[in-house]
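# the sequence and its predicted three-dimensional model are supplied below.
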Amino acid sequence: MNTTGARRLQPTDGFPGERRGGARDQAEAWETDTAEPVPDRLPAGHVARPRLVRSIAPAGTRVTCVAAGAGFGKTVLLQEWAASEPAVAWVDAAERDGGPASFWGAVARAAGRTLGPAGTVPAELSAGARHGAAAGPGAAAALARSLGAATPAPTRLAVVIDDHQDLTGVDLQRSLASFVEHLPPSVHLVLAGRGEPALPLARWRLAGWLRELGDRDLALSADEGRALALAVAPAGGDPATVDAIVHRADGWPAALVLLAGNHPDRALADYVSQDVLEGVPAELRSFLLTTSVLRTLTPGACRAVSGRPDTGAVLHDLERRSLLTVPLGAGAFRYRRPFRAALRRQLLAEDPVAARAAHRRAAEHLVSAGDTVAAVRHWLASGEVEAAVELLARDQGRRPRTALGPWLDRVPLGMLAGDPRRTVAYATAMAGNGRVGDALGLVDRLALGPQAPAAGAPPPGQGASAPDPTV
């Protein structure tokens, strides 16, 4: 693979700052721990994002943290950015095993390949990387200073650590913090991964060292979404279809690619199950599935549905982990639409009884919160059709009945026969959702008696046997 935007050492060049030994020693060193070249193969249908590229490493900062969920294009964005940078040392943390010594050895080698033989690294760090000795904060600080000294002005060396979520362990995190705190202006660190790294980000924000990019920054704009949909769709797409895909994707690049392909629902479900939820603790996964019945995630609603008392903290943990939430303000969130749809399908497939129970608890909470329309939707999704109709009748005239839409067709008309109060409430809800003709048909039926045909009325409902993805 060709490299991008940087010069590289050859294996026979040895390690910067080390005395060169025989050709055999140097070859063995490169075979055991070679540095990754900068990836330069952009995916098919890549959409350039200059607005983000320009904002990655502004002057005066030391660290850029690109923390976003799976499939938000973090690596692709950095590839695009690296193509215009003069010196980039790239290390993929997902490909690294071992502790601080192995990691910092990889960083030193990547920088050495970028800077050429003029670069220098502490001899003790190189030796530790080879023999497995610890490389603590002092060695990381020394490496930061050495990289600064080796970077010729006016060049700025960018050290990219991809998949930073795989950098675990207190010792490694302490050494990484020390590296940042000793960075000279000629070196910039870029961390990319899922969720916020366990590093002193608050202190770096206060010092003005940190540039942060998250889900909201990497989410596709409408124009970017249309361009990507047209590029990856098997046979292009008419404008209406493209706009529908863009809306369903909700700014999530991976979801848009999958939704534009064949078998989109299955492909999306597999991706969420096999990639997004991989490594998520069992309790948190259960929370995600159960609360996916909710359109709006508030601590109170999540507590009612999940039974957990710490839902406020859990919601903020989801945000910190970049698990596809969108903040709505005042402590409320929502899941991105395709993520929520996939979670709901998975909940229904794994435990339909639990899915109905979650809808029932959501309805009870929303009744107490005074949100009749949302409560009706959840009653119907839980199969509690009579509770939904009774709520409509009891709340008749208090609030508009918009946003019920196709849910009204889930009410069997036989449930309305002989009950004028329920029939009027149901007809009013239909009129409020733009179905005036159907509503008048129900009124005529009420006037003529329960045996009269319901002209223009909808067919009998299906009893909400399964929760609808649009709840």
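Right, received. Where do you want to start? All values derive from a computational prediction rather than experimental measurement.
# which stretches of the stretch 201-350 of the chain have low pLDDT?
235-236 (pLDDT under 70).
# what ranges do the strands span in it?
Under the criterion DSSP state E, counting those that start in this stretch, strands of the stretch 201-350 of the chain are mapped to 210-213, 325-329, 332-335.
# can you list contacts of the last one?
So the one you mean is strand 332-335. 292, 295-298, 315, 318-319, 324-328, 340, 343 (Cβ atoms under 8 Å, 6 or more residues apart in numbering). C-beta here means a position set from N, CA and C on the backbone, and glycine is covered the same way.
# between those, which sits nearest Leu408?
Checking the contacts of strand 332-335 against Leu408 by Cβ to Cβ gives Arg295 as the nearest, at 18.0 Å.
# isn't the closest one up against Ala374?
Yes: counting by Cβ atoms under 8 Å, Ala374 is a contact partner of Arg295 at 7.2 Å.
# the more surrounded of those two?
Between Arg295 and Ala374, counting by other Cβ atoms under 10 Å, Ala374 is the more crowded of the two (22 against 16).
# who touches the more buried one in this structure?
By Cβ under 8 Å, 6+ apart, Ala374 lies in contact with Arg295, Ala362, Leu366.
# which stretches of the stretch 351-471 of the chain have low pLDDT?
396-407, 413-415, 417-418, 443, 445-471.
# can you give me the helices in the stretch 351-471 of the chain?
352-369, 372-382, 385-394, 420-432, 436-448 (DSSP state H, counting those that start in this stretch).
# export those to JSON lines and tack on distance to Ser178?
Listed next are the helices of the stretch 351-471 of the chain as JSON lines, based on distance: least, Cβ to Cβ, whole Å:
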{"stretch": "helix 352-369", "distance to Ser178": "46"}
{"stretch": "helix 372-382", "distance to Ser178": "51"}
{"stretch": "helix 385-394", "distance to Ser178": "60"}
{"stretch": "helix 420-432", "distance to Ser178": "63"}
{"stretch": "helix 436-448", "distance to Ser178": "69"}
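# give me whichever of these is most buried.
With neighbours defined as mean count of other Cβ atoms under 10 Å, the helices of the stretch 351-471 of the chain peak in mean count at helix 372-382, which reaches a mean of 26.
# with only the CA atoms kept, save that helix in PDB.
Extracted in PDB, the C-alpha atoms of helix 372-382 (Å, rounded to 0.1, in the frame of the first residue of the first chain):
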ATOM      1  CA  THR A 372     -51.900  11.100  25.800                       C
ATOM      2  CA  VAL A 373     -50.900  10.600  22.200                       C
ATOM      3  CA  ALA A 374     -47.600   8.900  23.000                       C
ATOM      4  CA  ALA A 375     -49.300   6.800  25.600                       C
ATOM      5  CA  VAL A 376     -51.900   5.600  23.100                       C
ATOM      6  CA  ARG A 377     -49.200   4.600  20.700                       C
ATOM      7  CA  HIS A 378     -47.500   2.500  23.400                       C
ATOM      8  CA  TRP A 379     -50.700   0.900  24.600                       C
ATOM      9  CA  LEU A 380     -51.500  -0.200  21.000                       C
ATOM     10  CA  ALA A 381     -47.900  -1.400  20.600                       C
ATOM     11  CA  SER A 382     -48.200  -3.500  23.800                       C
END
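# quick one: it to helix 385-394, angle?
160 degrees (axes from the mean of the first three to the mean of the last three Cα atoms, to 10 degrees).
# residue ranges with poor pLDDT in the stretch 1-150 of the chain?
1-36, 96-98, 117-135.
# do that again at 80, thanks
1-41, 44, 95-99, 116-137 (pLDDT under 80).
# all helices of it, in order?
In the stretch 1-150 of the chain, the segments counted as helices under DSSP H, counting those that start in this stretch are 23-32, 50-53, 74-82, 100-115, 123-131, 137-150.
# related to what we said a few turns ago, out of the helices of the stretch 351-471 of the chain, which gets nearest to Ala227?
helix 372-382 (34.6 Å).
# just how off-centre is the closest one within its chain?
28 Å (Cα atoms, centre = their mean, to the nearest Å).
# equivalent analysis for stretch 206-226, please.
With Cα atoms, centre = their mean, you get 12 Å for stretch 206-226.
# repeat for stretch 88-96
Counting by Cα atoms, centre = their mean, stretch 88-96 comes out at 21 Å from the chain centroid.
# other residues contacting it?
Against stretch 88-96 from outside (Cβ under 8 Å, 6+ apart): 4-6, 35-39, 82, 102-103, 106-107, 110-111, 113-115, 157-167, 193.
# with just CA atoms, put it into CSV.
The C-alpha coordinates for stretch 88-96 follow below in CSV (Å, rounded to 0.1, in the frame of the first residue of the first chain):
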residue,chain,number,x,y,z
VAL,A,88,2.0,12.0,9.6
ALA,A,89,2.9,9.1,11.8
TRP,A,90,0.0,6.6,12.0
VAL,A,91,-0.4,3.9,14.6
ASP,A,92,-3.5,1.6,14.8
ALA,A,93,-4.0,0.7,18.5
ALA,A,94,-6.3,-2.1,17.5
GLU,A,95,-3.4,-3.9,16.0
ARG,A,96,-1.2,-3.5,19.1
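# is it true that Asp395 touches Val373?
No: contact criterion Cβ under 8 Å: Asp395 and Val373 do not qualify, at 9.3 Å.
# part of a helix, is Leu172?
Yes: Leu172: assigned to a helix according to DSSP: H, G, I helix; E, B strand; the rest coil.
# still on that earlier bit, of all the helices of the stretch 351-471 of the chain, which one is nearest Gly251?
Comparing the helices of the stretch 351-471 of the chain by their distance to Gly251 (Cβ to Cβ), the top pick is helix 372-382, with 23.8 Å.
# tilt between the closest one and helix 420-432?
Relative orientation of helix 372-382 and helix 420-432, computed by the same axes, to 10 degrees: 110 degrees.
# neighbours of Glu95, how many?
Neighbours of Glu95 using other Cβ under 10 Å come to 11.
# repeat that for Gly116.
Other residues close to Gly116 by other Cβ under 10 Å number 17.
# re the thing from before, turn the strands of the stretch 201-350 of the chain into TSV, columns for mean neighbour count and distance to Ala67.
Converted to TSV, the strands of the stretch 201-350 of the chain look like this (neighbours: other Cβ atoms under 10 Å; distance: least, Cβ to Cβ, whole Å):
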stretch	mean neighbour count	distance to Ala67
strand 210-213	19	7
strand 325-329	15	13
strand 332-335	20	16
